[in-house]
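Asks: Structure for this input, please:
(3 chains)
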Amino acid sequence: MATAPVDKDSHLYLVDASAYIFRAFHALPPLTRQSDGLPIGAVSGFCNMLFKLLEDVKGDDRPTHFACIFDKSSITFRNELYDQYKANRPEPPEELRPQFPLVRRAAEAFAAHAIEMEGFEADDLIATYSRQAEAKGARVTIVSSDKDLMQLVSDRVVMLDTMKNKTLGREEVFEKFGVGPEKVVDIQSLAGDSVDNVPGAPGIGVKTAAQLLDEYGDLETLLARAEEIKQPKRRQTLIENADLIRISKQLVTLKDDVPLDLPLEDLAVQDPDPDTLISFLEEMEFRTITRRVREMMELEGAIESAQPAEDPIDRSKYVCVRDFEALEDWVARATKQGYVAVDTETDSLDSIVANLVGVSLALSPNEACYIPLAHVDPDGAGDGDMFGADPPRQIRMKDALRALKPMLEDPSVLKIGQNIKYDLSIFATHKIDVAPIDDTMLLSYVLNAGKHNHGMDTLSERYLQHNTIPFKEIAGTGKSQVTFDKIALDKATEYAAEDADVTLRLWHIFKPELRPEKVTTVYETLERPLVPVLARMEQEGIKVDRDKLSRLSSDFSQRMAALEAEAHEQAGREFNIGSPKQLGEILFDEMGLEGGKRTKSGAWQTDADVLEGLAAAGHGLPRTIVDWRTLSKLRSTYTEALQAAINPTTGRVHTSFSMAVAQTGRLSSTDPNLQNIPVRTEEGRKIREAFIAEDGNVLVSADYSQIELRILAHIADIDALKSAFKDGLDIHAMTASEMFGVPIEGMDPMVRRQAKAINFGIIYGISGFGLARQLGIPQSEASDYIKTYFKRFPGIRAYMDETKAFAKEHGYVTTAFGRKINLAGIKSKGPQKAFAERQAINAPIQGSAADIIKRAMIRMPDALAQAGLKARMLLQVHDELVFECPEKEADKLIEVAQATMQGAAGPSLHLSVPLEVEARAAKNWAEAH
DNA sequence: GCGATCACG
DNA sequence: GACGTACGTGATCGCA
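Replies: Sure, this is the predicted structure:
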């Protein structure tokens, strides 16, 4: 048995196991054991929940102590008080009964204490443990949604509903009962409970009870002063039923001093015994969770033994598979082994238009093959049985996919890829749902963000000391470059099988590092499950109105021509208006304007800031240039490029989301970038209007309001900010009010604007210089603002100092969900260090926001399906999700999207500020946003 | 291929 | 006291 002291750093989890069983039984789809039909739905749900809680929960929320609490028998001291107590409880259904003992065994298999006690309900034991832990300053999470337990909630005690993924704290209790947790008992005593058969006062419900308590303070006072109640009916009810109410109070009050057999300290979390756990899970025939547990245990145990194999890459060992029997053999070996590296070769980098050309597999170092499927005219492939333009002998696409599909979809075979989202998309076009998966690019991303990029070439060179064959070497460059289907099979095999081999070798290196580096949760709950979600979004694409873009393009062109002529006139000569170099020479050398600055490379700086400054000084040319540039940007980057990006087959635009580019955990979007579609100016919004829904459908945009400031308020624990968000205040106005001592009502918009800039500055790792530049004020003034801000919010400065110190000590910072972001320059001196410090402050905030929206996205498909919606998620823009759905679904979609996004931090993280999501439906993106 | 510029969060 | 600075991206253009 494991024992560990309980103190303020402890976190006790108490699972209300009996209640869970009933709830799981009714809420989850019925599931029976395949071999004998034994009902095991509740057991399965219970195991999944335990696995999640024990393995996935991280950071402060990680349990240090853990127990599953059961009801022993239905007779307790409450029945002596009131013989009708829980008298109308029906017997558990037939299919559920055999599951009770199995759930107890499950708890034990996971090395969680299964606790029960004669004469007491599970709730009383939970109350006792909870109060004891709380008294020692520990945090407590009660895994239950039973309202009877809500009386235990406090600042340190929360409840967690694992099925709805909701954390329930003081606020939520208040929402439900209209009073704080301390008075929940009083409410229940008055209102009674038909489920448990607690009588209460007839005709008094939760609302009335809350009103009465609000007026009289507490239950005893209320009963003592019942005569004073104005409403005659209520007065009479309370006077007549005083005894019944008092009995009810005894019934609903949890006993928090049960003489415990097992002291609190003995509930310390311990590692489950692998053999016991796996054999239990296998006995239940839970394939997926068995695989996950085994994978985890094996890799944990393998950390020291699995040194990178001293087995240099030898391309001559690779095999080209051209017979169906040979393919079947590879598939069988992959299936038996339980994991395989997979790579697809296609004729395009764009997964939406790409055609499958071949597949490569790797089972162990140098044991890899390439299966050509759509190669044409090999032209010098050295293939003896081929002549002229005949295609080489290869397995028919249809046959090969039929052989591969069962293995690729087999839940007990792990498919490993490098950027496997791409391969998922390719296989999806052939109706193959590849699962489960691992991705070496994402493994590297969670392990090494900030250290280097995560492309195959980089990783191979860094971790395998091996340079892969450059694609150019086999396909040529420039105009003469050919697609993969035209590459000779011997070359194709070396190239393709090498990719699979390298991927597998990288996996052997990276996967065992997850646990020691403490990034398993990030990988398993934020990155890996997002892969299929993003693949789907990319395949969906979004509709754009080509005609509208075309009209805008012409309009912009005309106006640009006019501006160009004007600019030449103002300059006194013709010049290339698109050349910053020529412009700088004209403005500062020829016209001799004041205030010119030079860029790093010595050229005149002519960006919008500079030009605006010159325009404000009364010069004409700069304004013309600014206007021209605005239109030029919109035209070349948007109205023109977007038309070209429309997929001829789908008629929609399909972006590609990059998962392993942004250091902070954000996504990025390319080809085309749909995360920077204009919105800030009137002109720009016209482009957004071209993003439309199909006929009969609407676009819905849902975005987090002020998510980064909310996260800052939570992480830095700033009471003033937290309560401002709880009260729904205008946060920038509130900041201004606090700093400058002006009332929020009727505030000068300029004052608010300054406060807003400061708030952003804080998130970016503020400097007097940066703020001054942003606001166009002297640096001394900006520095004074910052001083004032820190004086008013000293917690922010403390957070910044702590974060910088942590970054310097460890070389990285973390997000609220445990993502690590390495900061290369943090140990250097000078400007590099200052830069790294600002990154250190910004990365946890930006990264935590990225984590949260990723959690929402991962849950979204299920949430939509569960609500019976046809809605599809199309885009993510950092704090915004864009959906398309039938018009009739819009209201329901908004509800589901809001709920999913607002609850996305929970249950593993209980944010101390609410998350708010604004959502709107419209025919185009501009109006929906 | 790189720097400058500017679109977004 | 001087140094260079707001955080994170991607696309386009001119120019070497």
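Asks: Taking the stretch 451-600 of chain A, what residue is nearest to DNA strand B?
Replies: Proximity of the stretch 451-600 of chain A to DNA strand B (C-beta to the nearest atom of the strand) peaks at residue A:599, 2.9 Å away. From N, CA and C alone the C-beta is placed, and that goes for glycine too.
Asks: That residue contacts residue A:605, doesn't it?
Replies: Yes: distance between residue A:599 and residue A:605: 5.0 Å, which falls inside the contact criterion (C-beta atoms under 8 Å).
Asks: Which one's more surrounded, those two?
Replies: Neighbours of residue A:599 and residue A:605, each counted by other C-beta atoms under 10 Å, are more numerous for residue A:605; the result is 15 against 12.
Asks: how near is that one to residue A:754?
Replies: Remark: distance between residue A:605 and residue A:754 (C-beta to C-beta, to the nearest Å) = 25 Å.
Asks: Is there contact, residue-wise, from the strand or helix carrying residue A:684 to DNA strand C?
Replies: Applying DSSP states H and E as the criterion places residue A:684 in helix A:682-689. No: with C-beta under 7 Å from any atom of the strand as the threshold, helix A:682-689 lies outside contact range of DNA strand C, at a closest distance of 12.8 Å.
Asks: got any ranges where chain A has weak pLDDT?
Replies: Scanning chain A for pLDDT under 70 picks out the ranges A:56, A:58-60, A:298-310, A:378-389.
Asks: quick one, domains of chain A?
Replies: Here the domain parsing of chain A from the TED database is A:11-266, A:322-379+A:390-541, A:542-653, A:692-718+A:793-928.
Asks: who wins for proximity to residue A:661 among those?
Replies: Distances from residue A:661 to each of the domains of chain A were compared using C-beta to C-beta; the shortest belongs to domain A:322-379+A:390-541, at 7.7 Å.
Asks: what about that closest one, how long is it end to end?
Replies: Using C-alpha to C-alpha, to the nearest Å, the end-to-end distance of domain A:322-379+A:390-541 comes to 36 Å.
Asks: In contact with the residue in the stretch 801-929 of chain A positioned nearest to DNA strand B, which residues?
Replies: Here the residue of the stretch 801-929 of chain A nearest DNA strand B is residue A:879; by C-beta to the nearest atom of the strand that distance is 3.6 Å. With contact taken as C-beta atoms under 8 Å, 6 or more residues apart in numbering, residue A:879 is in contact with A:703, A:704, A:707, A:708, A:849, A:853.
Asks: and the two most separated of the residues you listed?
Replies: Within the contacts of residue A:879 (distances taken as C-beta to C-beta), the two that end up farthest apart are A:703 and A:708, at 12.3 Å.
Asks: Most proximal residue of chain A with respect to DNA strand C?
Replies: Scanning chain A for proximity to DNA strand C using C-beta to the nearest atom of the strand identifies residue A:761 as nearest, at 2.1 Å.
Asks: Quick one: the strands in the stretch 801-929 of chain A, in order.
Replies: Listed in chain order, the strands of the stretch 801-929 of chain A (DSSP state E, counting those that start in this stretch) span residues A:812-814, A:820-822, A:872-876, A:880-886, A:917-922.
Asks: now these in JSON lines, with distance to DNA strand C?
Replies: Conversion of the strands of the stretch 801-929 of chain A to JSON lines gives the following (distance: least, C-beta to the nearest atom of the strand, whole Å):
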{"stretch": "strand A:812-814", "distance to DNA strand C": "11"}
{"stretch": "strand A:820-822", "distance to DNA strand C": "9"}
{"stretch": "strand A:872-876", "distance to DNA strand C": "12"}
{"stretch": "strand A:880-886", "distance to DNA strand C": "12"}
{"stretch": "strand A:917-922", "distance to DNA strand C": "20"}
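Asks: What helix or strand is residue A:312 located in?
Replies: Using DSSP H and E, residue A:312 is not contained in any helix or strand.
Asks: from memory residue A:156 sits against residue A:139, does it?
Replies: Yes: look at residue A:156 against residue A:139 with C-beta under 8 Å: they come within range, at 5.1 Å.
Asks: And the next helix or strand past the strand or helix carrying residue A:234?
Replies: Under the criterion DSSP H and E, the helix or strand holding residue A:234 is helix A:232-240. Next helix or strand after helix A:232-240 toward the C-terminus (DSSP H and E): helix A:242-252.
Asks: for that next one, packing partners?
Replies: When contacts are defined as 3 or more C-beta pairs under 8 Å, 6 or more residues apart in numbering; DSSP states H and E, helix A:242-252 packs onto helix A:77-81, helix A:184-191, helix A:219-224.
Asks: and the longest one, what does it pack onto?
Replies: When contacts are defined as 3+ C-beta pairs under 8 Å, 6+ apart, helix A:184-191 sits against helix A:170-177, helix A:206-216, helix A:219-224, helix A:242-252.
Asks: got the contact list for that helix?
Replies: Residues outside helix A:184-191 that contact it (C-beta under 8 Å, 6+ apart): A:147-148, A:150-151, A:173, A:177-179, A:198, A:200-201, A:204-206, A:208-210, A:212-213, A:218-219, A:222, A:245-246, A:248-249, A:252-253.
Asks: if we can go back for a sec, distance to residue A:768 for the domains of chain A - can I get that in JSON lines?
Replies: What follows is those, written out as JSON lines (distance: least, C-beta to C-beta, whole Å):
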{"stretch": "domain A:11-266", "distance to residue A:768": "33"}
{"stretch": "domain A:322-379+A:390-541", "distance to residue A:768": "27"}
{"stretch": "domain A:542-653", "distance to residue A:768": "17"}
{"stretch": "domain A:692-718+A:793-928", "distance to residue A:768": "12"}
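Asks: re the thing from before, neighbour-wise, which one of the contacts of residue A:879 leads?
Replies: Neighbour tally across the contacts of residue A:879 (other C-beta under 10 Å): the maximum, 26 neighbours, falls on residue A:849.
Asks: From residue A:663, how far out is the closest residue to that one other than its chain neighbours?
Replies: Counting by C-beta to C-beta, 6 or more residues apart in numbering, residue A:707 is the residue found nearest to residue A:849 once chain neighbours are left out, at 4.7 Å. With the distance defined as C-beta to C-beta, residue A:707 ends up 18 Å from residue A:663.
Asks: And for residue A:495?
Replies: Residue A:495 sits at a distance of 30 Å from residue A:663 (criterion: C-beta to C-beta).
Asks: between these two, which one's more packed in?
Replies: Neighbour count, other C-beta under 10 Å: between residue A:495 and residue A:663, residue A:495 has more, with 24 against 17.
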